[in-house]
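Novice: just the structure for this:
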Amino acid sequence: MSRKEEKRFRRGDLLLLLFFGLTALVLAALTWALRGPGQQVVVRVDGTVTASFPLSEDRTYRIETADGGENLLVIEDGTARLTEANCPDRLCVNQGAIRWAGDSIICLPHGVIIEITGQPDELDLDAVAG
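Specialist: Numbers count the residues shown, from 1 in each chain. So this is what the prediction gives:
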């Protein structure tokens, strides 16, 4: 084979690329369409749950970490967002509001994770015995 033939995509290569691209789009659409409404806001600092609030109740909660980090969590109108942070990049603040089960905001410098769950803690079961 000449070098020119080696660099060209073959028809099978293009079909394979198209198949994987369409599969990724379908999976992304299904994930988006099947996500559930959020019920609970869970706050974790360094992997430990430090607070949990219903998404339906408006409130403000200051998160303080052992290394002097501070984040301000605001829950209002069925959404949760960080409005203040003293971390250097403030990416967590710029991320905006979250509302769907599985959504999260992460502040890496402070080790803070804000996650929306689909049901309140008291109903969060790992298994059901029958």
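
Novice: CA atoms for contacts and neighbours, from now on please.
Specialist: Fine.

Novice: I106 bridge partners, please.
Specialist: For I106, the beta-bridge partners under DSSP bridges are I113.

Novice: that one - how many residues pack around it?
Specialist: By other C-alpha atoms under 10 Å, the residues close to I106 number 17.

Novice: wait, what's in contact with it?
Specialist: 92, 112-114 (C-alpha atoms under 8 Å, 6 or more residues apart in numbering).

Novice: in this structure, where is pLDDT below threshold?
Specialist: Low-confidence regions of the chain, defined here as pLDDT under 70, cover residues 1-7, 9, 119-130.

Novice: all strands of it, in order?
Specialist: Residue ranges of the strands in the chain, as given by DSSP state E, are 40-45, 48-54, 59-64, 70-76, 79-85, 104-107, 112-117.

Novice: just put the ones you listed in JSON lines and tack on distance to D13.
Specialist: Rendered in JSON lines, the data for the strands of the chain read as follows (distance: least, C-alpha to C-alpha, whole Å):
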{"stretch": "strand 40-45", "distance to D13": "45"}
{"stretch": "strand 48-54", "distance to D13": "47"}
{"stretch": "strand 59-64", "distance to D13": "51"}
{"stretch": "strand 70-76", "distance to D13": "48"}
{"stretch": "strand 79-85", "distance to D13": "44"}
{"stretch": "strand 104-107", "distance to D13": "37"}
{"stretch": "strand 112-117", "distance to D13": "40"}
